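Asker: What follows is a predicted protein model with its sequence.
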Amino acid sequence: MYFYLAALVGLGFVITGATNMLFGAKAVAFPELEVASYNYDSSLRRDPQGNIVASDPEREAARQRAIDDQRRQGLDDVTDGIILVVVGAPTLIWHFRRGQRTGREPN
């Protein structure tokens, strides 16, 4: 029973890692989709009333920084996903095979 529970934990790692890799790959390929929820206006100049007074080139530079940040975060998510899969896959395979072997052995 222990081996199957450990294999289930490994499966959880593999699924979580694959999901992280997919979301990270999406952020790397299409960082503009993530920028909509990213507040890049916070770094722009404001007047004393709090209104943004930045020029269009400053806004575009802030938007480009936000895109670069999202792409970097996506690469980080892909890396985390790879690590989870690399840890989870051997755990899943070894424990599942071990569970099958111990189930076939005569008591």
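Answerer: Everything's here; your move. Numbers count the residues shown, from 1 in each chain.

Asker: Quick one: mean pLDDT for the longest helix anywhere in the chain?
Answerer: Ranked by residue count under DSSP state H, the longest helix found in the chain is helix 56-104. Averaging pLDDT along helix 56-104 yields 91.

Asker: Show me the residue at the heart of the chain, geometrically.
Answerer: Compute the mean C-alpha point of the chain, and by CA atoms, centre = their mean the closest residue is residue 77, 2.9 Å away.

Asker: Who are the contact partners of that one?
Answerer: Taking CB atoms under 8 Å, 6 or more residues apart in numbering as the criterion, residue 77 is in contact with 20-21, 23-24, 27. Where you see a C-beta, it was placed from the backbone N, CA and C, and this is true even at glycine.

Asker: What strand or helix carries residue 11?
Answerer: Using DSSP states H and E, residue 11 maps to helix 2-29.

Asker: If you count neighbours, what's buried in that helix?
Answerer: For helix 2-29, burial by neighbour count (16 or more other CB atoms under 10 Å) applies to 3, 6-7, 10-11, 13-14, 17, 20-21, 23-24, 27-28.

Asker: Tell me which residues touch residue 79, please.
Answerer: Contacts for residue 79 (CB under 8 Å, 6+ apart) come out as residue 24.

Asker: Backbone dihedrals for residue 52, both of them.
Answerer: With angles defined as degrees, to the nearest 10, residue 52 sits at phi -70, psi 130.
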